[in-house]
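1. Structure of the sequence below:
(chains A and B)
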Amino acid sequence: MNVLIVDDSRMSRMMLTTIIKDVHPDWNVESAEDGPSAIALTTVSSFDIFTLDFNMPGMNGLELAEQLKPLFPKAKIALLTANVQDSIQAKAKALGIGFIAKPITADKITAFIG
Amino acid sequence: MPNDKSILDEIHLDALGELLNIGMGAAAAALSTMVQQEVLLTVPVIQIIPSTQVASQLDDTPPNTVCGVKQSFSGEFSGDALLLFSEEKSLSLVRAVVGDSMPLEELSEMEEEAITEIGNIILNACISSLANIFNDYLDSALPEYLHEELESLFEEKESSSNFVLLLKMSFNIAEQDITGYVTFVMDINSIIKVKAKINKMLGITD
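-> Alright, predicted model coming up:
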């Protein structure tokens, strides 16, 4: 499996990578610090799972998800954010992507990635 | 001259206290998950004060160089949410969240980024909770790392408005003896909008 973590926080990227690698050492886990870098990575690699932060400079996680959905229709995508407002959760649902509330825990991440 | 008695009634102060309680409850739950221990909360303090007094109201442990994160929010009402604690506790907080495995050098190197993300999670829990209660959406700006004197932190505010609503609630992580607080600062226009929202929520006619 190929996973792409998109989060402007290095701490979050590190924690997520550690959790995923602990459960699935053989998976390829890559990360990007914003939407444009993530889009650039998708032009050279294919991904099965995406976790997207919401509040990021330039492009938010929902805008990024809108671009990723048609490119990766079979991929699992989740918004992973501290912004747990009902309206954000509703927009994620409407887009057909998952929603994971920060703080990041191993239980929440493994429940999503399988 | 406006003060907390003339702008907001007892019921509004009570409602604001309860809203902050709920928001901080969500924030404390998030922090508790991060540090894997209980986080204690104090009762909220709510005041409408001249903006020139914000720093002195917050500064109860001189010297007043603070560390923390500021997140501005905007929507029907707007303001700044701040997570603040004394600078010497910054690394302890990062250590409490990241765990003991990371070498000190590496921990120090990522201190600023880690504090910013911790603040992002705590403040967004609070802001989101407020937005959800009001059935509203608040746009939160990117979190901004702070490491400065309280006085200079509020200098900008002082020039832009006369009175501000100050909501303050402290938290304590006993094991590491880390005490900090979350505060919301809003100007008079936002106070009036929040008051109208509380009235609507409680069925009070303006």
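
2. So which elements touch the longest helix seen in chain A?
-> Scanning chain A for the longest helix, with DSSP state H as the assignment, gives helix A:10-23. Applying 3 or more CB pairs under 8 Å, 6 or more residues apart in numbering or on different chains; DSSP states H and E, we find helix A:10-23 packed against strand A:2-6, strand A:28-32, helix A:106-113, helix B:111-133. Where C-beta positions appear, they are placed from N, C-alpha and C, glycine not excepted.

3. List the buried residues for that helix?
-> Neighbour counts over helix A:10-23 (16 or more other CB atoms under 10 Å in any protein chain shown) mark A:Met11, A:Ser12, A:Arg13, A:Met14, A:Met15, A:Leu16, A:Ile19, A:Ile20 as buried.

4. contact partners of that helix?
-> A:3, A:5, A:7, A:27, A:29, A:31, A:33, A:51, A:53, A:80, A:102, A:104, A:106, A:109-110, A:113, B:98, B:110, B:113-114, B:117 (CB atoms under 8 Å, 6 or more residues apart in numbering or on different chains).

5. Narrow those to those that are buried.
-> A:3, A:5, A:7, A:29, A:31, A:33, A:51, A:53, A:80, A:102, A:104, A:109, A:113, B:98, B:110, B:113-114, B:117.

6. For the helix ranked longest in chain B, which helices and strands make contact with it?
-> Selection of the longest helix in chain B by residue count, based on DSSP H, yields helix B:10-35. With contacts defined as 3+ CB pairs under 8 Å, 6+ apart, the packing partners of helix B:10-35 are strand B:40-41, strand B:45-50, helix B:90-98, helix B:111-133, strand B:163-173, strand B:178-187, helix B:188-202.

7. what do you get if the cut-off is 6 Å, keeping everything else the same?
-> The helices and strands touching helix B:10-35, judged by 3 or more CB pairs under 6 Å, 6 or more residues apart in numbering or on different chains; DSSP states H and E, are strand B:45-50, helix B:90-98, helix B:111-133, strand B:163-173, helix B:188-202.

8. What is the subsequent helix or strand relative to the second one?
-> Sequence-wise, the next helix or strand downstream of helix B:90-98 (DSSP states H and E) is helix B:104-109.

9. and that following helix, what other elements does it pack with?
-> Going by 3+ CB pairs under 6 Å, 6+ apart, helix B:104-109 lies up against no helix or strand.

10. Just the mean pLDDT for that helix, thanks.
-> For helix B:104-109, mean pLDDT is 87.

11. just stretch A:79-89 next, same as before
-> 91.

12. A:Leu52 versus A:Arg10, what's the distance?
-> Using CB to CB, to the nearest Å, one gets 16 Å for the distance from A:Arg10 to A:Leu52.

13. List, one by one, the residues from chain A near chain B.
-> A:Ser9, A:Arg10, A:Met11, A:Ser12, A:Ala82, A:Asn83, A:Val84, A:Gln85, A:Asp86, A:Ser87, A:Lys102, A:Pro103 (CB under 6 Å from any CB of the partner chain).

14. The same query, at a cut-off of 7 Å, please.
-> A:9-12, A:55, A:57, A:82-87, A:102-103, A:105 (CB under 7 Å from any CB of the partner chain).

15. and those residues, which two are the farthest apart?
-> Distance extremes for the residues of chain A next to chain B: the farthest pair is A:Arg10 and A:Asp86 at 28.9 Å, using CB to CB.

16. Where does the prediction get shaky in chain A?
-> For chain A, no stretch has pLDDT under 70.

17. Give me the most central residue, it.
-> Closest to where the C-alpha atoms of chain A average out (CA atoms, centre = their mean) is A:Thr51, at 1.0 Å.

18. How about the contacts made by that residue?
-> A:Ile5, A:Val6, A:Leu16, A:Ala78, A:Leu80 (CB atoms under 7 Å, 6 or more residues apart in numbering or on different chains).

19. could you say which helix or strand contains the nearest residue to it once chain neighbours are set aside?
-> Distance criterion CB to CB, 6 or more residues apart in numbering or on different chains; nearest residue to A:Thr51, sequence neighbours excluded, is A:Leu80 at 4.4 Å. Element membership of A:Leu80, judged by DSSP H and E, is strand A:76-81.

20. Which pLDDT value goes with the closest residue to B:Asp139 other than its chain neighbours?
-> Spatial nearest neighbour of B:Asp139, chain neighbours left out: B:Ser74 (5.3 Å); criterion: CB to CB, 6+ apart. pLDDT, B:Ser74: 96.

21. Could you identify the most distant pair in the buried residues of helix A:10-23?
-> Once CB to CB is applied, the buried residues of helix A:10-23 give A:Met11 and A:Ile20 as the farthest pair, at 15.1 Å.

22. By mean pLDDT, which helix or strand of chain B comes out lowest?
-> helix B:155-160 (a mean of 57; mean pLDDT, DSSP states H and E).

23. Between the two ends of stretch A:41-60, how far is it?
-> End-to-end distance of stretch A:41-60: 17 Å, with CA to CA, to the nearest Å as the criterion.
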